[in-house]
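> sharing a sequence plus its predicted fold:
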Amino acid sequence: VSDTCLFCRIVAKEVPATVVHETGTTLAFRDIGPKAPVHVLVIPKGHHANVADLAGADPALAGEVLAAVGEVARAEGLADGYRVIFNTGPHGGQEVGHVHAHVLGGASLGPMLCR
Ligand code: 5GP
Ligand code: ZN
């Protein structure tokens with residue numbers, strides 16, 4: 001999978017990323033095209049296609065991803081709130097087929113979706 005999946009390649013350090021948080025099972029790094037003052041992607045290191053597949057295959061790992069979201073929000077100073085988005089599938093605008101939470105904040109985001 002790491003040969004073809006961009007985010008597996010980031011986990012493997014084959015592609016550089018600005019990492020802001022890491023645990024044994026999760027990685028968080030800045031989005032290359034930020035849509036908000038703070039835009040971090042949080043992923044499980046293991047490959048799962050989307051959030052529902054992740055939760056079905058490994059619910060504990062899904063929880064670890066969500067806990068990492070909270071750690072990122074705290075570290076990034078998002079005490080006034082933030083948005084968490086899991087784009088899923090073509091209609092959801094998912095472009096990278098390795099589950100990732102978008103953590104968006106640093107400004108009032110209004111009603112618009114992530115993309
Ligand atoms: P999706 O559309 O799949 O929900 O989100 C994919 C996100 O990955 C996009 O917001 C895009 O800007 C980001 N992205 C794509 N390629 C790279 C990359 O090489 N490095 C980083 N840090 N982010 C990327
Ligand atoms: Zn992957």
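Received the coordinates, thanks. Since the structure is predicted, the reported quantities are computational estimates derived from the model, not experimental observations. Ligands and ions are numbered 1, 2, ... in the order given.
> pLDDT value on residue 3, please?
Per-residue pLDDT puts residue 3 at 71.
> for it, which non-adjacent residue is spatially closest?
Of all residues not flanking residue 3 in the chain, residue 9 sits nearest, at 8.0 Å (CB to CB, 6 or more residues apart in numbering). Glycine gets a C-beta too; all of them are placed from N, C-alpha and C.
> and the gap between that neighbour and ligand 2?
Going from residue 9 to ligand 2 by CB to the ion, to the nearest Å gives 8 Å.
> wait, a helix at that residue?
Yes. Assessed with DSSP: H, G, I helix; E, B strand; the rest coil, residue 9 lies in a helix.
> show me where the chain has helices.
Secondary structure of the chain (DSSP state H): helices located at 6-11, 51-57, 59-75.
> and these, which is most packed in?
Among the helices of the chain, helix 6-11 has the highest mean neighbour count (mean count of other CB atoms under 10 Å), at a mean of 20.
> over to residue 50: give its phi and psi.
phi -150, psi 180 (degrees, to the nearest 10).
> need the residues of the chain near ligand 1, please.
6, 15, 17, 29-33, 87, 93-96 (CB under 6 Å from any ligand atom).
> just the buried subset of those residues, written out for PyMOL, thanks.
Typed into PyMOL, the line below selects the buried ones among the residues of the chain next to ligand 1, using 16 or more other CB atoms under 10 Å:
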select buried, resi 17+29+31+87+94
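> save the residues of the chain next to ligand 1 as JSON lines, and put in distance to residue 48 and pLDDT too.
JSON lines is the format used below for the residues of the chain next to ligand 1 (distance: CB to CB, whole Å; pLDDT from 0 to 100):
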{"residue": "6", "distance to residue 48": "14", "pLDDT": "98"}
{"residue": "15", "distance to residue 48": "19", "pLDDT": "96"}
{"residue": "17", "distance to residue 48": "18", "pLDDT": "98"}
{"residue": "29", "distance to residue 48": "17", "pLDDT": "99"}
{"residue": "30", "distance to residue 48": "21", "pLDDT": "98"}
{"residue": "31", "distance to residue 48": "19", "pLDDT": "98"}
{"residue": "32", "distance to residue 48": "21", "pLDDT": "98"}
{"residue": "33", "distance to residue 48": "23", "pLDDT": "97"}
{"residue": "87", "distance to residue 48": "14", "pLDDT": "96"}
{"residue": "93", "distance to residue 48": "18", "pLDDT": "94"}
{"residue": "94", "distance to residue 48": "12", "pLDDT": "97"}
{"residue": "95", "distance to residue 48": "16", "pLDDT": "97"}
{"residue": "96", "distance to residue 48": "12", "pLDDT": "98"}
